[in-house]
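kindly return the folded structure for what I paste below:
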Amino acid sequence: MESDDQKILTFLSSQICDHGAQAELAPGIWILFAVPAADPDANALAQSLLAKATFIHDSGITEDEQWIIYYIDSLNRPSAMTWLQEVNRISIGQVRSVAPAHQALIQELITSAKPHRVAQDFAALHTRGEICAGLICKPAEVRALLDRLHQCEPLFFSAFLTLLTHQLIDMLVLHRQLLAEDIALKNEIVAGGLSRDPFLQSRQDAAGEIRNILLRFQLINPIDQQKNIAITNPYAVYLEVVVAGDEITAPIDGVTVTVPRGIFLSAIHAIRRNIYRGDQFSSFDTQAPWMNEKIAYSFRFIKQRVDSRSDLAPLDTLYMLERAVSE
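Below you'll find the model as predicted:
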């Protein structure tokens, strides 16, 4: 029997492919869902999904009474398309997309005269669980943040440290964007003498903490204090995830097992999907109703890693684990 999760995924997959606000029913009217009128279960599912939507939508039956059409107008189409993709990601258990409001905050952070306040807003959002690790993950955005560090603004060093402390910059992207001059700047500031100017001293303190975080993720080689070119994935190093080709080596209760990357990712998605549903990670075990034999080994390894990082929110650790096995 198909699970409720699978029913939603199957429904969304077909609707996004065939309709999904891509087909125009009439000028300015777009089909979101088209469901057989004789299928009460599919219509109930469409209605339950749309009950949580914040945009204006409507429905009607076709002249031949064969289909019920759920539609939106052109004004609500962008919001509907964003909503549909997000519902699909949540149903799959993927990381949520960056909300437009949060994307605007990222751009403000890059240019604001008071970046520390924007960073504090992000910190508050993260503490409330509204955003998770890796929010800033576009290479151009990460590079822009690194470039602004070279302006040596004390407030921006504080902002950058806040982002790193809350795991909001994707460390894999940061490692790839990090240049020798970025590290040289931090080393130079840290090596400077104590300043009587409290703002300059705060910059030095922040630079030292930034370097400590980069060392913790081994972006900086602790021996020569330069970019660590011996690693390719800081998340894999940080969480001790061993990846060889398309397989993950997972030590579980003293026994080492090998699991395929795809199965490992399926386990992460299943866990995240149930957290999105409101369940607590601490309640998950191999007896959970959504558990299956295929993902059981991966789940046990993931649970070990999440439980060992009680300083991180489970969704943050799941993000890092998923990124740790990125190709």
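
low-confidence stretches in the protein?
The chain contains residues with pLDDT under 70 at 1-3, 190-199, 327.

which residue ranges of it form strands?
Taking DSSP state E as the criterion, the chain carries its strands at 23-26, 29-36, 58-61, 67-73, 242-244, 247-252, 255-260.

can you add mean neighbour count and distance to D121 and give these back as TSV?
C-beta coordinates here come from the backbone N, C-alpha and C atoms, glycine included. TSV is the format used below for those (neighbours: other Cβ atoms under 10 Å; distance: least, Cβ to Cβ, whole Å):
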stretch	mean neighbour count	distance to D121
strand 23-26	13	39
strand 29-36	21	33
strand 58-61	12	36
strand 67-73	20	31
strand 242-244	13	35
strand 247-252	17	36
strand 255-260	13	39
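
relative to V87, which of these is closest?
strand 29-36 (11.1 Å; Cβ to Cβ).

nearest spatial neighbour of the most centrally placed residue in the chain, skipping sequence neighbours?
The chain has V95 as the residue nearest its centroid, 4.1 Å off, counting by Cα atoms, centre = their mean. Spatially, and ignoring its direct neighbours in sequence, V95 is nearest to Y319 (6.1 Å; Cβ to Cβ, 6 or more residues apart in numbering).

A133 is in contact with the one you found, correct?
Yes - assessed by Cβ atoms under 8 Å, Y319 is found in contact with A133 at 4.3 Å.

skipping adjacent residues, who's closest to R148 in space?
Closest to R148 by Cβ to Cβ, 6+ apart is F156, at 5.5 Å.

quickly note the distance from the one you found to V95.
For F156, the distance to V95 equals 27 Å [Cβ to Cβ, to the nearest Å].

V237 too?
In terms of Cβ to Cβ, V237 sits 21 Å off from V95.

again with A133
Taking Cβ to Cβ, one finds A133 at 9 Å from V95.

what do you get for A236?
As judged by Cβ to Cβ, A236 and V95 stand 17 Å apart.

what of A313?
Applying Cβ to Cβ to A313 and V95 gives a distance of 13 Å.

before we move on, the earlier item: what is in contact with A133 and V95 at once?
Y319 (Cβ atoms under 8 Å, 6 or more residues apart in numbering).

list the contacts for the closest residue to G129 other than its chain neighbours?
Distances taken as Cβ to Cβ, 6+ apart place A313 nearest to G129, at 6.8 Å, with adjacent residues excluded. Residues counted as contacts of A313 (Cβ under 8 Å, 6+ apart) are 129, 132-133.

which residues does T256 form beta bridges with?
T256 has these beta-bridge partners by DSSP bridges: P251.

ok, now how distant is it from I248?
Following Cβ to Cβ, the distance that separates T256 from I248 is 11 Å.

next one: P27
52 Å.

cool, I106 as well?
31 Å.

go on, I223?
28 Å.

next: H57.
Applying Cβ to Cβ to H57 and I248 gives a distance of 42 Å.

count the residues that sit near E130.
12 (other Cβ atoms under 10 Å).

same check on H57?
Based on other Cβ under 10 Å, the number of other residues close to H57 is 18.

go ahead and confirm it touches F33.
No - here H57 does not reach F33: they are 9.4 Å apart, not a contact under Cβ under 8 Å.

which residues are common contacts for the two?
50, 70.

longest helix in the protein, by residue count?
Counting by DSSP state H, the longest helix found in the chain is helix 198-216.

who touches that helix?
Residues contacting helix 198-216 (Cβ under 8 Å, 6+ apart): 152-155, 157-158, 160-161, 164-165, 178, 183, 185-187, 189-190, 192, 194-195, 220, 222, 238.

can you give me the buried ones in that helix?
Neighbour-count burial for helix 198-216, counted by 16 or more other Cβ atoms under 10 Å, picks out 202-207, 209-211, 213-214.

can you tell me which two in the residues you listed are farthest apart?
Maximum distance among the buried residues of helix 198-216 (Cβ to Cβ): 18.6 Å, for S202 and L214.

mind listing the helices for the stretch 151-300 of the chain?
Ranges of helices within the stretch 151-300 of the chain are 154-165, 171-177, 180-191, 198-216, 234-238, 261-276, 293-308, based on DSSP state H, counting those that start in this stretch.

adding distance to D73, write the ones you listed out as CSV.
Below are those laid out as CSV (distance: least, Cβ to Cβ, whole Å):
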stretch, distance to D73
helix 154-165, 39
helix 171-177, 38
helix 180-191, 48
helix 198-216, 48
helix 234-238, 43
helix 261-276, 29
helix 293-308, 42
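
what comes up buried for stretch 121-138?
122-123, 125-126, 131-137.

stretch 171-190 now?
171-175, 177-178, 182-183, 185-186, 189-190.

and what of stretch 268-283?
For stretch 268-283, by 16+ other Cβ under 10 Å, it's 268-275, 281.

could you redo those residues as TSV and give each row distance to V325?
Formatted as TSV, those follow (distance: Cβ to Cβ, whole Å):
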residue	distance to V325
I268	9
H269	12
A270	15
I271	14
R272	14
R273	18
N274	20
I275	19
F281	19
